[in-house]
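Coordinates for the following, if possible.
(one chain, ligands or ions: 1)
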Amino acid sequence: MAELSGRLAGKIAIITGAAKGLGEADARMFVREGARVILTDVDRENGERVAAELGERAEFRYHDVRQNAEWAALVDDVVARHGRLDILVNNAGVVTLGDIETQTEADYRFIMAVSADATFFGCQHAVRVMKDNNGGSGGGSIVNMASIASVQGESAVAAYCAAKGAVEALTRAVAVHCAQQGYGIRCNSVHPAGILTPMVIEVGRQAALLRGPDAAQSGPLAKLGEPDDIAYTVLFLASDESKFINGAAIRVDDAKSVIAGNA
Ligand SMILES: NC(=O)c1ccc[n+]([C@@H]2O[C@H](COP(=O)([O-])OP(=O)(O)OC[C@H]3O[C@@H](n4cnc5c(N)ncnc54)[C@H](O)[C@@H]3O)[C@@H](O)[C@H]2O)c1
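Numbers count the residues shown, from 1 in each chain. As a prediction, the model looks like this:
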């Protein structure tokens, strides 16, 4: 890791799903860049461990992103204790394999709740408090974790595509609303291809169980990115360096979603 330089100095950030994977990488980079980070997750053990490793500018809070009431309590508590909220990364997400014929209703509702519903709740509560930042003139950055599943047909994860499509579309609606209202709040989505995290290892395992070991190598486990490939992008969008970027959907995918025949 290169020497970093305080690009988020003094910022207060919430990152959901920060106990492992991409959220953990975001949290580590944010703290190194000077932010105070509230890591939230339903995985208490790993969340508390990562926060402890990050030191005094990190804290863990148990938070199930599906619960709107927990969002209200979290955001109000952060503002009460730290004075404001500058950055929200709606990162928590889940995936299970299933095409449009095989995905169960239970899996569909689970995936939509963790990605789509929760991102809606998170944006709503963040806008509610961020518009009061800076003495009432407003300000803040919301980064929503989508996927290239929202821009290409990934038949093996139908509900996941629906959820990430909702995240992408909601991002634009939030961005435009905040611009129209003059809140100074930006909202952008990040669209990774496969990155080596516990989620992708588990999907690869499921694919191998269903279709044999070759499926894992040719599917999501083929040529993966690193968590910091995403964290650097999230850092940029969270920082004031990207102050003129609002409503954007940024693909971080080594061209996978635009190479003909690669879907
Ligand atoms: N890894 C990839 O290849 C990839 C690609 C595209 C998009 N994404 C997206 O990036 C985000 C992070 O993915 P990851 O690969 O790090 O996944 P991961 O499974 O490794 O980590 C996700 C974290 O979210 C937490 N989580 C799950 N349900 C939750 C809930 N209800 N409330 C709070 N926390 C919850 C998990 O406990 C876990 O710590 C997800 O939104 C995912 O869809 C990942």
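
Buried residues in stretch 154-169, which are they?
For stretch 154-169, the neighbour count (16 or more other C-beta atoms under 10 Å) marks 154, 156-168 as buried. All C-beta spots, glycine's among them, are computed from the backbone N, C-alpha and C.

With secondary structure, pLDDT and distance to Phe30 added, can I get these in a markdown table?
Below are those laid out as a markdown table (DSSP: H, G, I helix; E, B strand; the rest coil; pLDDT from 0 to 100; distance: C-beta to C-beta, whole Å):
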| residue | secondary structure | pLDDT | distance to Phe30 |
| --- | --- | --- | --- |
| Glu154 | coil | 95 | 29 |
| Ala156 | coil | 96 | 32 |
| Val157 | strand | 97 | 28 |
| Ala158 | helix | 98 | 33 |
| Ala159 | helix | 98 | 30 |
| Tyr160 | helix | 98 | 26 |
| Cys161 | helix | 98 | 29 |
| Ala162 | helix | 98 | 29 |
| Ala163 | helix | 98 | 25 |
| Lys164 | helix | 98 | 23 |
| Gly165 | helix | 98 | 27 |
| Ala166 | helix | 98 | 25 |
| Val167 | helix | 99 | 20 |
| Glu168 | helix | 98 | 23 |
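
nearest to Ala51, of the residues you listed?
Nearest to Ala51, judged by C-beta to C-beta, of the buried residues of stretch 154-169 is Val167 at 25.4 Å.

Quick check: chain neighbours aside, which residue is closest to the closest one?
Spatial nearest neighbour of Val167, chain neighbours left out: Ala146 (4.5 Å); criterion: C-beta to C-beta, 6 or more residues apart in numbering.

What values do phi and psi take at the one you found?
In terms of degrees, to the nearest 10, the main-chain angles of Ala146 are phi -100, psi -140.

mind listing what it touches?
Neighbour list for Ala146: Lys164, Val167, Glu168, Thr171, Ser189, Val190, His191, Ala249 [criterion: C-beta atoms under 8 Å, 6 or more residues apart in numbering].

show me which of the buried residues of stretch 154-169 neighbour the ligand.
Filtering the buried residues of stretch 154-169 for proximity to the ligand by C-beta under 6 Å from any ligand atom leaves nothing.

Distance check, Ala249 against the ligand.
12 Å (C-beta to the nearest ligand atom, to the nearest Å).
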